[in-house]
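*Asks:* Sequence plus the predicted model coming up.
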There are 2 protein chains.
Amino acid sequence: MKAGWHDISVAIDGDLPTWPGSPGARSELRMAIAWGDDANVTQLSIDVHTGTHVDAPRHFVEGGATVEELGLDPFVGAAVVIDTGSASEITASVLGEMEIPHGTERLLLRTKNSARADMYRVPFDEGYAALTLDGAELLAARGLRLVGIDYLSIQRYTAPPDVHRALLGAGVAILEGVSLADVEPGSYELICLPMRLVGAEGSPARAILLPRAT
Amino acid sequence: MKAGWHDISVAIDGDLPTWPGSPGARSELRMAIAWGDDANVTQLSIDVHTGTHVDAPRHFVEGGATVEELGLDPFVGAAVVIDTGSASEITASVLGEMEIPHGTERLLLRTKNSARADMYRVPFDEGYAALTLDGAELLAARGLRLVGIDYLSIQRYTAPPDVHRALLGAGVAILEGVSLADVEPGSYELICLPMRLVGAEGSPARAILLPRAT
């Protein structure tokens, strides 16, 4: 990595926690030099919500925009990282105490999940920190284009999908499963590139943070 | 897309040409709102050499570096796009006539494949333009970190894998399946982000070109 850059994507391997019921990611060699083939060729089968990934409206809104339809504007540009400390529920009240600069378009929540390195621990942990409905409504009302969080879902495990719906229904894209342990709160340039999957409601993504040119 | 940007990744759908024998990419809904589920959830099965993708040394060099081991340095930074005109074989002689600035680290070949929009046409076309062995050796000797081309392979269909081996063996990463029809030759900033697939010899990638800050 170049100086000052952060790769906030998690490595995709067998140690990745996966959502209960999800097959996660499986890689298999389809051709192998060791078998006498010319080349090594991997076939990957992946739930597109595995590891670091984005959600488009279509994930929870029937007929909503797909990842490919969103283009890259929600995913590339100025972003702010805030630290929500030990809170398990990121409520409107918790967010109200944070400094979120006026005009913020992309907000990444560094929660206790990053401190616990939850994206690197199996099994899946139901007790992750997440956004509440009033928190989501506050962020949607602020006109954000993207909200990111450091575990596999933006909403609590036992919550109804109203948090996803409040964000996606308001046109706010979601970035989940980032690793923010090494990232200080502050202003960055986010470059998050999902795959260009036609028709899909989500996609694995590689995401990096660059220091903000000021 | 932001002004002046080019998304040089191809959309992944059923119209994508695939390498003979490759299953390409298949998306299936595993959960669907239309079936009464809370969410739409796609499972993707993909040959990692489908569409716009990168090759790491492990593709043709047993024990060579994987995509994840390469990190992002080969894939992000200054890049030069050259147009090789109507040539089907990009030889050392063809390259010798091109202006490739001293110190070029990443070189993208805009060939007749882009003009014919080959990445958007099925079936797979064996007659695509590609790099020859002497062309590959010339580029490897120049110390490039990455070479890109606008069809599914950097080498001719009927060629032995010596072109891949000459590049990958010299530590030159390969970017294949980009779409350069709308990109003028010149200097750019390449941001190519493959998935962080542990152990894999290649990966799908989203790649964009930005105008060079001068």
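*Replies:* Sure thing, it's come through. Numbering: from 1, shown residues only, chains lettered A, B, ... in the order given.

*Asks:* okay, the helix-or-strand element of chain A with minimal mean pLDDT in PDB with CA atoms only?
*Replies:* The weakest-scoring helix or strand in chain A, judged by mean pLDDT, DSSP states H and E, is helix A:112-115 (a mean of 93). Written as PDB, here are the backbone C-alpha positions of helix A:112-115 (Å, rounded to 0.1, in the frame of the first residue of the first chain):
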ATOM      1  CA  LYS A 112     -16.600  -1.500  18.900                       C
ATOM      2  CA  ASN A 113     -16.700  -4.100  16.100                       C
ATOM      3  CA  SER A 114     -13.400  -2.800  14.700                       C
ATOM      4  CA  ALA A 115     -11.800  -2.700  18.200                       C
END
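
*Asks:* neighbouring contacts of that helix?
*Replies:* The list of residues contacting helix A:112-115 from outside it, by C-beta atoms under 8 Å, 6 or more residues apart in numbering or on different chains, reads A:84-88, A:119, A:128-129, A:149-151, A:179-181, A:183. Bear in mind the C-beta positions are built from the backbone N, C-alpha and C, glycine included.

*Asks:* Please report how far the spatially most central residue of chain A lies from chain B.
*Replies:* When chain A is reduced to its mean C-alpha position, the closest residue under C-alpha atoms, centre = their mean turns out to be residue A:176, at 1.9 Å. Residue A:176 sits 13 Å away from chain B, going by C-beta to the nearest C-beta, to the nearest Å.

*Asks:* sorry, back to before: show me the contacts of helix A:112-115 that map onto strands.
*Replies:* Residues of the contacts of helix A:112-115 located in strands (DSSP state E): residue A:149.

*Asks:* for stretch A:108-120, which positions count as buried?
*Replies:* Using 16 or more other C-beta atoms under 10 Å in any protein chain shown as the test for burial, stretch A:108-120 gives A:108, A:109, A:110, A:111, A:112, A:113, A:114, A:116, A:118, A:119.

*Asks:* which ones are touching the residue nearest to the fourth one when sequence neighbours are not counted?
*Replies:* Pointing back at residue A:111 there. What sits nearest to residue A:111 in space, not counting adjacent residues and going by C-beta to C-beta, 6 or more residues apart in numbering or on different chains, is residue A:129, at 3.7 Å. Residues counted as contacts of residue A:129 (C-beta under 8 Å, 6+ apart) are A:84, A:87, A:88, A:89, A:90, A:109, A:111, A:112, A:113, A:149, A:151.

*Asks:* Test of understanding: give the bridge partners of the fifth one.
*Replies:* In this structure, residue A:90 has the following beta-bridge partners (DSSP bridges): residue A:131.

*Asks:* and the nearest residue to residue A:168 once chain neighbours are set aside, what does it touch?
*Replies:* The shortest distance from residue A:168 to any non-neighbouring residue, by C-beta to C-beta, 6+ apart, is to residue A:57 (4.3 Å). The contact partners of residue A:57, taken as C-beta under 8 Å, 6+ apart, are A:64, A:65, A:168, A:169, A:171, A:201.

*Asks:* Give me the distance from the least confident helix or strand of chain A to the chain's centre.
*Replies:* Taking the mean C-alpha point of helix A:112-115 and that of its whole chain, the gap between them comes to 14 Å (C-alpha atoms, centre = their mean, to the nearest Å).

*Asks:* Would you mind writing the CA trace of stretch A:207-214 as PDB?
*Replies:* Extracted in PDB, the C-alpha atoms of stretch A:207-214 (Å, rounded to 0.1, in the frame of the first residue of the first chain):
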ATOM      1  CA  ALA A 207     -12.400  -0.300  -0.500                       C
ATOM      2  CA  ILE A 208      -9.600   2.000   0.300                       C
ATOM      3  CA  LEU A 209      -9.300   5.200   2.200                       C
ATOM      4  CA  LEU A 210      -6.800   7.900   1.200                       C
ATOM      5  CA  PRO A 211      -5.700  10.900   3.200                       C
ATOM      6  CA  ARG A 212      -7.700  13.900   2.200                       C
ATOM      7  CA  ALA A 213      -6.000  16.400  -0.100                       C
ATOM      8  CA  THR A 214      -6.500  19.600   1.800                       C
END
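
*Asks:* And for that stretch, what's in contact with it?
*Replies:* Outside of stretch A:207-214, the residues within contact range by C-beta under 8 Å, 6+ apart are A:1, A:4-9, A:52, A:75, A:78-79, A:81, A:108, A:148, A:175, A:178, A:183, A:186-193, B:72, B:193.

*Asks:* so how far is it off the chain centroid?
*Replies:* Averaged C-alpha coordinates place stretch A:207-214 at 17 Å from its chain's average position (C-alpha atoms, centre = their mean).
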